[in-house]
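Trainee: coords below, sequence missing:
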């Protein structure tokens, strides 16, 4: 807390703390549910394919 106040000052430290809230989100679970189960090779293949399409425009 001392470092936060020292770096931001009292007012901005309080603003920062008021914007922070503890969430009930589980990033790991959400990531696993949202992202496709591609292998590293599949991800790189698709990234290369997308890059070729973008450069081709």
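Mentor: Perfect, I can see it now. Bear in mind that the values here come from a model prediction, so they are computed numbers and not experimental data.

Trainee: Give me the neighbour count for residue 16.
Mentor: 13 (other CB atoms under 10 Å). Glycine gets a C-beta too; all of them are placed from N, C-alpha and C.

Trainee: Also the one 4 residues further on?
Mentor: Using other CB under 10 Å, residue 20 has 7 other residues around it.

Trainee: contacting residues for it?
Mentor: Counting by CB atoms under 8 Å, 6 or more residues apart in numbering, residue 20 touches no other residue.

Trainee: Find the least confident helix or strand in the protein, judged by mean pLDDT.
Mentor: Lowest on mean pLDDT, DSSP states H and E among the helices and strands of the chain sits helix 27-34, with a mean of 82.

Trainee: next helix or strand past it?
Mentor: Once the chain leaves helix 27-34, the next helix or strand it forms, by DSSP states H and E, is helix 40-56.

Trainee: Give me the helices and strands touching that following helix, please.
Mentor: When contacts are defined as 3 or more CB pairs under 8 Å, 6 or more residues apart in numbering; DSSP states H and E, helix 40-56 packs onto no helix or strand at all.

Trainee: from the chain's centre, how far out does that helix sit?
Mentor: What separates the centre of helix 40-56 from the centre of its chain is 21 Å, taken as CA atoms, centre = their mean, to the nearest Å.

Trainee: Pull out the buried positions in stretch 5-15.
Mentor: Buried residues in stretch 5-15, counted by 16 or more other CB atoms under 10 Å: residue 13.

Trainee: roughly how far apart are residue 43 and residue 49?
Mentor: Relative to residue 49, residue 43 is positioned 11 Å away (CB to CB, to the nearest Å).

Trainee: again with residue 29
Mentor: 29 Å.

Trainee: before we move on, what about residue 13?
Mentor: In terms of CB to CB, residue 13 sits 46 Å off from residue 49.

Trainee: tell me the pLDDT at residue 57?
Mentor: pLDDT recorded at residue 57 is 63.

Trainee: swap that for residue 21, please
Mentor: In this model, residue 21 carries a pLDDT of 75.

Trainee: tell me which element it is part of?
Mentor: Here residue 21 is assigned to no helix or strand, by DSSP H and E.
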